[in-house]
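S.K.: Sequence first, predicted model second:
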Amino acid sequence: MSDISDDYVNISPTADLHLSVYMEKLAHRRRLGSSSSEGSSSGGPSEEESNNNTTTTTVVSGSPTHVYPEHTPDWSNLKVLHRNTLPPRSYFFLYNNEEDALTRDITKSKSKLLSGKWKFHLTTSPFAGPRDFYKPDFDTSEWGDIVVPGMWQCQGYGKGPQYTNLNFPWPVDAPNIPYDDNECGRHVTTFHVDKDFAEDNQLRLRFEGVDSGFTVWVNGHEVGYSQGARNPSEWDVTDFIKVDAENTLAVEVYQRCDGTYLEDQDQWWLSGIFRDVYLHAFPKFHPEDYHVHTFLDKDYKDATLRVDITMNRGAYVDMKLLDADGKLIAKGMEIFDRTNRFEVRVKNPHKWTAETPYLYTLVLNFQKCSLVQRVGFRQTELIKGVFCINGEPVKFRGVNRHEHHPDSGRAVPYDFLKRDLLIMKHFNVNGIRTSHYINDPRLYDLADELGIWILDEADLECHGFGVVGIDGHKFASDNPEWREAYEDRARQMVMRDKNHASVVLWSLGNESFYGQNHQHMYDVIKSIDQSRLVHYEGDGSAQTADIYSRMYASVDDIVYQASEKDWRKPLVLCEYIHAMGNGPGGVKEYIDAFYEHPRLMGGFVWEWANHGLRTKNEDGEEYMGYGGDFGDDPNDKNFVFDGLCFANHTPTPGLREYGKAIEPVQTLGIKGNEVTIINRYDFVDLDHLTATWHIVGDGLVIGSDQEVEIPKGVKPHTKAHLKIKGLPKDLTAEAYLHVDFILTEDTNWAKAGHRVAFGQLPLSKPPSMARILSTLFQPFVDPVPTIRQTDPSTLSITSSTGQSTWGLDLTLGTLTSWKKAARPHLDLLTEPFVMDFYRALTDNDRGGRFGQNWADRRLDQ
């Protein structure tokens, strides 16, 4: 992955249309609202085709003939999570030499990217359609095309996208999956392997993400099976690859598997190979994995770097640590058996934080390959019940981020992903909860570079069990039969992401009740990594989790909890200020509470962006669709539109409101010519900023920007005073002092001159009505309305100008008449009406059922 380019400040919306060739076909299907698998490629093998290797045939009236196996298929078998996969490992690429490795250019690595245009065929069931499709001589010329990475529903295939927040959209019989209604996408591609690439190497086939379960064949040989939609899967395919020849890769993807019961996240149900596919070449002597640890001394000054390495066999390993300028900081060479470690002391290294994302480069040279890993020196811990990094309290000003693109669903292009994070930085967001699964691995590289805290969440959510049974936890979370499935999801997360400085917390998943399997997940995580704390909101009393977590608690609630004296664990709001419709609201009150109480860690707004999918109506007009727009039933309508960004990931007014509330510099007030500010950064002073001011009078800018000096060395969470020189006196307009805080120098996320924060302070009040009237040509003298009671039940009110007279019923509270002086015999009201204090419900009103409160008070009458 290349470094952040110079065009990083361009955050204007750009449509990524790498799937546009399919959009007209998709729009046509969506307008039909079809529930059939119309997207199956025409002219391809029919659903009735089958081989003779199965034994039991079931014919359903009105449905195609399906041939079922004697044994439970892997995708409906709780005892099979993976078949033949290699152990999980860190995300890394090997290179031929150190020089290539330092470029971090994947095209120079010892890997082949297999993503691109593949052949595709879809059936309504894994038991329908061509059974021999994986053989190299199978003819796929009549099949359709599909882009990998991609979701087949977003490319015009199958029933189309379906959105539910809670319900499983199939008959619940965990862990079983329906045989007849489980779309099956068969993917085929070919690739060439040169002798230089393959010779003396172990060849590994790696899928970064496939939704949901899938079986893989190479050149007609079954390689294995895997599930866990957002987790990587890797196989040794050395024995199946033909060198200097064409190779056939066939993948059968199942829309649902038993693991899908654990993937009931609030998002679109989409299927396919949605992340990249690679063929890696690992030399004869190679690393199986490595784990980078950084430890700071008691003064948080000097550090120890420890690198644990596991080799496939004994070998020598050369280690170097370089600073950001490429200068050698430390080095070492060790002879490894299978496992060994490097441990070096580093004198006062730059510390990594979201505000100072300084990265060193670790170089590991092996006999015939090299790798690099960026390293950030930082340490997370609890100090007297307060969450701290590098010894300092930290506040999360975060968001929940689903993977979403309006055209390709969860297959998110790198540029679109990077743009998300740049927008976050522009609006002062400092944290991401990867709701509710581990994200594209490239996101973590960007977070390391740009400086964003990551709450990394395991791919686990099963709240749909709560709909079908009172004791939802008994289905899976507290069921020993599901233990291995839960542990696997925790293990996959930690093994892949453990070397990222940006990852500061692990999460056991989301809305999966609480049961013994969460404790098992926790134990798995701690057996691998003890340097990070573990989060899980479903563990309300923090029996297992290291911190407390709440969703949508009120400000009063969190202040009450933060004020308790016997706390030993801090509290984070993993979801709050729901950003749907006119939301979020009450933002400033939450932020002020976070900073007032040390044990409040901050929070993550639900959520980052609307999940609209681009489609067209009957007139060909483009719009962003939500639940129900694609013939999907059941659906949860527009509840998938609850983000701080629109579906094209441009900011809503809600993001601007949130960005203002979480500004790292807050302008508190003015006295005379002195403005009081507070530094709400957690680690840095304000020396990287410049401040300017101007006056706004009656909505117009008066004069030009003038610079004001910010005192040097304003420490985090302390106040300072700006002395404004030349502030006008005797302002007659409604005037405000406007102060901007801007970057002095370029960063890797914004250019010099970018505004980080601003404040507006009133200098003069608007003129009173009496003052305004006194300036009129014929001023009124103490104008007041005339009020008289015309009968026991009627009050007459005449305006101070005498132009209007109103009648008010004192018994019913209704306005009974309105007459103008020019036409005193004409009543402008045809009938009495009552004062209306009601307004239309917002989306959040509906979601929170607050409309009932209005109805109870008869304010909706």
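M.R.: Everything's here; your move. Numbering: from 1, shown residues only.
S.K.: what about Pro69, distance to Val188?
M.R.: Computed as CB to CB, to the nearest Å, the Pro69 to Val188 distance reads 22 Å. To be clear about C-beta, it is placed using only N, CA and C from the backbone, and glycine gets the same treatment.
S.K.: These two - which one has more neighbours?
M.R.: Using other CB atoms under 10 Å, the more surrounded residue of Pro69 and Val188 is Val188, with 22 against 13.
S.K.: That one reaches Ser141, doesn't it?
M.R.: No: counting by CB atoms under 8 Å, Ser141 is not a contact partner of Val188; they are 10.8 Å apart.
S.K.: mind checking the longest helix of this structure?
M.R.: Ranked by residue count and defined by DSSP state H, the top helix of the chain is helix 483-497.
S.K.: Take it, keep the C-alpha atoms, and write them as PDB.
M.R.: Coordinates of the C-alpha atoms in helix 483-497 are reproduced here as PDB (Å, rounded to 0.1, in the frame of the first residue of the first chain):
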ATOM      1  CA  ARG A 483     -17.900 -22.700  22.000                       C
ATOM      2  CA  GLU A 484     -15.400 -23.500  19.200                       C
ATOM      3  CA  ALA A 485     -17.300 -21.100  16.800                       C
ATOM      4  CA  TYR A 486     -17.000 -18.300  19.300                       C
ATOM      5  CA  GLU A 487     -13.400 -18.900  20.100                       C
ATOM      6  CA  ASP A 488     -12.500 -19.100  16.500                       C
ATOM      7  CA  ARG A 489     -13.900 -15.600  15.800                       C
ATOM      8  CA  ALA A 490     -11.900 -14.100  18.700                       C
ATOM      9  CA  ARG A 491      -8.700 -15.900  17.600                       C
ATOM     10  CA  GLN A 492      -9.000 -14.800  14.000                       C
ATOM     11  CA  MET A 493      -9.400 -11.200  15.000                       C
ATOM     12  CA  VAL A 494      -6.400 -11.100  17.400                       C
ATOM     13  CA  MET A 495      -4.100 -13.100  15.200                       C
ATOM     14  CA  ARG A 496      -4.700 -10.900  12.200                       C
ATOM     15  CA  ASP A 497      -4.600  -7.500  13.800                       C
END
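S.K.: What helices and strands are in contact with that helix?
M.R.: helix 441-450, strand 453-457, strand 503-507, helix 516-528 (3 or more CB pairs under 8 Å, 6 or more residues apart in numbering; DSSP states H and E).
S.K.: quick one: buried residues of it?
M.R.: 483, 485-497 (16 or more other CB atoms under 10 Å).
S.K.: Ok, stretch 638-651 next?
M.R.: Under 16+ other CB under 10 Å, the buried positions of stretch 638-651 are 638-649, 651.
S.K.: Looking at those residues, which is nearest Ala315?
M.R.: Checking the buried residues of stretch 638-651 against Ala315 by CB to CB gives His649 as the nearest, at 45.6 Å.
S.K.: Now do the same contact list for the closest one.
M.R.: The contact partners of His649, taken as CB atoms under 8 Å, 6 or more residues apart in numbering, are Pro13, His404, Pro406, Phe416, Arg419, Asp420, Ile423, Ala609.
S.K.: how near is it to Arg433?
M.R.: Counting by CB to CB, the gap from His649 to Arg433 is 17 Å.
S.K.: Same check on His721?
M.R.: Taking CB to CB, one finds His721 at 37 Å from Arg433.
S.K.: which stretches of the stretch 501-650 of the chain form strands?
M.R.: 503-507, 533-535, 548-551, 571-576, 600-605, 613-616, 622-625 (DSSP state E, counting those that start in this stretch).
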